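Asker: dropping a prediction and its sequence here:
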Protein chains: 2
Amino acid sequence: MRIAVDAMGGDFAPKNIVAGAVSALAAFPRIERLYLVGDTQRIQAELAENNCTDQRVEIIHTTQIVEMHDSPGDAVRKKKDSSISRAIDLVKESKAEAVVSAGHTGAAVFAATLKLRTLPGVERAGIASVIPTETNLFVLIDAGANPEPRPIHLLQYGIMGAVYSKYALKCPNPSVGLMSIGTEDLKGNDLTTGAFALLKETELNFRGNVEGHDLFENPVDVVVCDGFTGNVMLKTMESIAHAIFHWIKNEIRKNPIHMLGGKLARGALRRIWKKTNYEEYGGSPLLGVNGVCIIAHGSSSPLAIHNAIRVAAESIELRINPLIVEEVKKYQK
Amino acid sequence: MRIAVDAMGGDFAPKNIVAGAVSALAAFPRIERLYLVGDTQRIQAELAENNCTDQRVEIIHTTQIVEMHDSPGDAVRKKKDSSISRAIDLVKESKAEAVVSAGHTGAAVFAATLKLRTLPGVERAGIASVIPTETNLFVLIDAGANPEPRPIHLLQYGIMGAVYSKYALKCPNPSVGLMSIGTEDLKGNDLTTGAFALLKETELNFRGNVEGHDLFENPVDVVVCDGFTGNVMLKTMESIAHAIFHWIKNEIRKNPIHMLGGKLARGALRRIWKKTNYEEYGGSPLLGVNGVCIIAHGSSSPLAIHNAIRVAAESIELRINPLIVEEVKKYQK
């Protein structure tokens, strides 16, 4: 398989991107070609830094970089030679089967939608993030592609999220919840009440509205929400988990008995810390575009990029897009 | 001071409400009168259950209960003899100086706005929740009063949140952040970009957009957002903190060495657990109404109600409303 990586996208690009790519190449022999798209000189320097002479790497030179303050439209229309645009072009031209970017999410979504188009029946793409709980993994969709959706988009997110849960996470009959404020049918805002009416009419295993409380206590398998709320939730969840472990560590250090206890319990604490660490998940698929597009964190570490490339490889093998098209077709009017 | 408590509001009402009220009466001798508003017989039974014969209690009998599926408007207009409406009436008639409710948030906000009116210059009330981090307490406003605000409402939330942070939490020059998806000025949706422009023009210590990541790593003192996002965030934060401790406990139990470690480190873990437990905070003021109105959790325990009544007592003493009016006046056009 062939994967295109936006080497210039992300807060620590190209350093962390190249380091993660080198690590992924070593781990996944089934990658036949890995395109690193960006400034040749800087990418070569990072490859040398990582002692990488892997013949599967091909650098695609680009001259422009999308800056975080660029608007998504401008970034794509005015910077045609940006690393993200050119990486997506490789998928469009069938030179690569997937693209990975840790850069400007809005620009990646805009470029992927414009160049690859959405799947038949899908109006807007949505980012599907996988979140761990004690008892399951749930799919949060949309985690940030579409901050002002309409109810029909949330319906399509529910369908795509359920397909992803079923085939990628092997959840046999995924339950779907609509993120809202209050579990009663009519609670929420205009968007959620509209989406509720649409989701209720489907054959999905729809559980109605869910609240923050439900996410971890009695979790559903797919959580549907607008991209603004989803992005805020995702980043808040990551942040609070990280903060709690940091806080525990500092509190334990204040007292030698607690410190001894912390050392003895370390294995258990580490296991959970690892489960709640987003870097282990790495990247989230942008579902609904005609191709495989993996969105990684802006602040991705090499480990996060390694895992985003793993998710890209798995997504290529999964061939989920035809399944999405088939499911969405059921609800077209 | 005199406080009115909606004894029928909440998932475990009147049981937990009365138990919390009895505990608060014992703890706070400065409460001169505590109105328990609701079904006399059921309240009396709970008072007997708690061996309470405190002469400061006065039951105000009501015949109607707002159900969670009632729309806020219907709940207030059609159920004039509901516990929440009558409890707010006591504030309106100056028989009480504050009201506490763990019932239907939408109905409480609607009734308080209708009966007490908003403060001069404030268009919409907002719920101000206090969230602990390792290094500070921040105010999240709006945590659920107004799920479809306009930019001007967010401006007013920023002002009210800063006043609350300064006077209630003793933060000298509170920094204010606007919750968004991306820290660049133009990131977000129409609401946040509109609010950004307004907040930037104030004398507030405005830090621009903040993301979930910023909440705990380099926290601001006031986080401004719409009531939908705020409510989802609040419940998600509570839920994940609770879930992580539960998860740690179960993981530690799997291995005797980890269990011993957990026992030794228990003091430190408990201290943080307590800090992240919303019951310790109890209730959030509805800022912007002409009176003191404390919104407690629907699932409030007796401890949460005890603390919500404490917050009510503190809010009465704080006399924050004139300070809000003065600050808001600066930005009226």
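Answerer: In hand now; what should we look at? Numbers count the residues shown, from 1 in each chain, chains lettered A, B, ... in the order given.
Asker: chain center to stretch A:132-147: distance?
Answerer: With C-alpha atoms, centre = their mean, to the nearest Å as the basis, stretch A:132-147 stands 9 Å off its chain's centre.
Asker: one more: stretch A:185-198?
Answerer: Counting by C-alpha atoms, centre = their mean, stretch A:185-198 comes out at 25 Å from the chain centroid.
Asker: what's that stretch in contact with?
Answerer: With contacts defined as C-beta atoms under 8 Å, 6 or more residues apart in numbering or on different chains, stretch A:185-198 is touched by A:149-152, A:154-155, A:158, A:178-182, A:208-209, A:224, A:226, B:69, B:71, B:106, B:147-148, B:228. Every residue, glycine included, has its C-beta placed from N, CA and C.
Asker: stretch A:251-263 now?
Answerer: Applying C-beta under 8 Å, 6+ apart, the contact partners of stretch A:251-263 are A:248-249, A:269, B:260-269, B:271-272.
Asker: what's the neighbour count on A:L199?
Answerer: 25 (other C-beta atoms under 10 Å in any protein chain shown).
Asker: and it, what pLDDT?
Answerer: Predicted confidence (pLDDT) for A:L199: 96.
Asker: which of the contacts of stretch A:185-198 are buried?
Answerer: Buried members of the contacts of stretch A:185-198, scored by 16 or more other C-beta atoms under 10 Å in any protein chain shown, are A:149, A:151, A:154-155, A:158, A:178-182, A:208-209, A:224, A:226, B:71, B:106, B:147, B:228.
Asker: now intersect those with the strands, please.
Answerer: Assigned to strands by DSSP state E, the following of these qualify: A:178-179, A:208-209, A:224.
Asker: and the stretch 51-200 of chain A, which residues reach chain B?
Answerer: Contact residues, the stretch 51-200 of chain A versus chain B (C-beta under 8 Å from any C-beta of the partner chain): A:68-69, A:71, A:105-106, A:133-134, A:144, A:147-148, A:179, A:181-190.
Asker: okay, and which of those residues map to helices?
Answerer: Members of these lying in helices (criterion: DSSP state H): A:105-106, A:190.
Asker: give the buried residues for the helix or strand hosting A:R310.
Answerer: Using DSSP states H and E, A:R310 maps to helix A:302-318. When neighbours are counted by 16+ other C-beta under 10 Å, the buried residues of helix A:302-318 are found to be A:302-316.
Asker: what separation do you get for A:L204 and A:V176?
Answerer: Taking C-beta to C-beta, to the nearest Å as the criterion, A:L204 is separated from A:V176 by 5 Å.
Asker: ok, these two, which is more surrounded?
Answerer: A:V176 (26 against 21).
Asker: follow-up on the earlier one: overlap in contacts of A:L204 and A:V176?
Answerer: Once C-beta under 8 Å, 6+ apart is applied, the residues that A:L204 and A:V176 both contact turn out to be A:158, A:162.
Asker: looking at the buried residues of helix A:302-318, which is nearest chain B?
Answerer: Proximity of those to chain B was ranked by C-beta to the nearest C-beta; the top entry is A:A304 with 13.7 Å.
Asker: in stretch A:181-195, which residues are buried?
Answerer: Under the neighbour-count criterion of 16+ other C-beta under 10 Å, stretch A:181-195 has A:181-183, A:187-189, A:191-195 buried.
Asker: picking up where we left off before, is it possible to mark the buried ones in the contacts of stretch A:251-263?
Answerer: Members of those classed as buried by 16+ other C-beta under 10 Å are A:248, A:269, B:261-262, B:264-265, B:268-269, B:272.
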